[in-house]
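> Below are the sequence and a predicted model for it; my questions follow.
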Amino acid sequence: MTTSITLKSQISAAARREELVGKHRGIFVDCTALLSDLDPGKMSPELLDKIANRMIEQALDGDPRAIAEAQRLIEAGETPTIEDCMRVVEQKPGK
């Protein structure tokens, strides 16, 4: 029993050592630091558009008609809700 505990602690220590060496050398990056450094004021309009489009797609479950409706309403200067966009999906074609 003691041997397996010692072996596990050695493996754990070795893994932690590799993690710390990798972080020191820049191999491993702390992703939480990257996310907290995101400042929308420093992002390009293109990147902000990509983020916004991805969020719209996710909110509307990727439905192409709902996404098109959202884009239409945004281009018209309106602030669409999910319900506004999903109404198009619920309507029968041709109406």
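Yes, it's here. Numbers count the residues shown, from 1 in each chain.
> Can you get me a residue count around P80?
By the criterion of other CB atoms under 10 Å, P80 has 17 neighbours. Quick note: C-beta positions are derived from backbone N, CA and C, even for glycine.
> Would you confirm that it contacts A68?
No - with contact defined as CB atoms under 8 Å, P80 does not count as touching A68 (11.2 Å).
> Select the longest helix from the chain.
In terms of residue count, the longest helix belonging to the chain (DSSP state H) is helix 2-25.
> quick one: buried residues of it?
Within helix 2-25, no residue qualifies as buried by neighbour count (16 or more other CB atoms under 10 Å).
> do stretch 69-77 as well
69-70, 73.
> What of stretch 82-95?
For stretch 82-95, burial by neighbour count (16+ other CB under 10 Å) applies to 85-86, 88.
> Can I get the residues you listed in a markdown table including pLDDT?
Below are the buried residues of stretch 82-95 laid out as a markdown table (pLDDT from 0 to 100):
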| residue | pLDDT |
| --- | --- |
| C85 | 89 |
| M86 | 88 |
| V88 | 83 |
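> Just the closest of those to I27, please.
C85 (43.4 Å; CB to CB).
> Test my guess that that closest one contacts R72.
No - with contact defined as CB under 8 Å, C85 does not reach R72; the gap is 9.2 Å.
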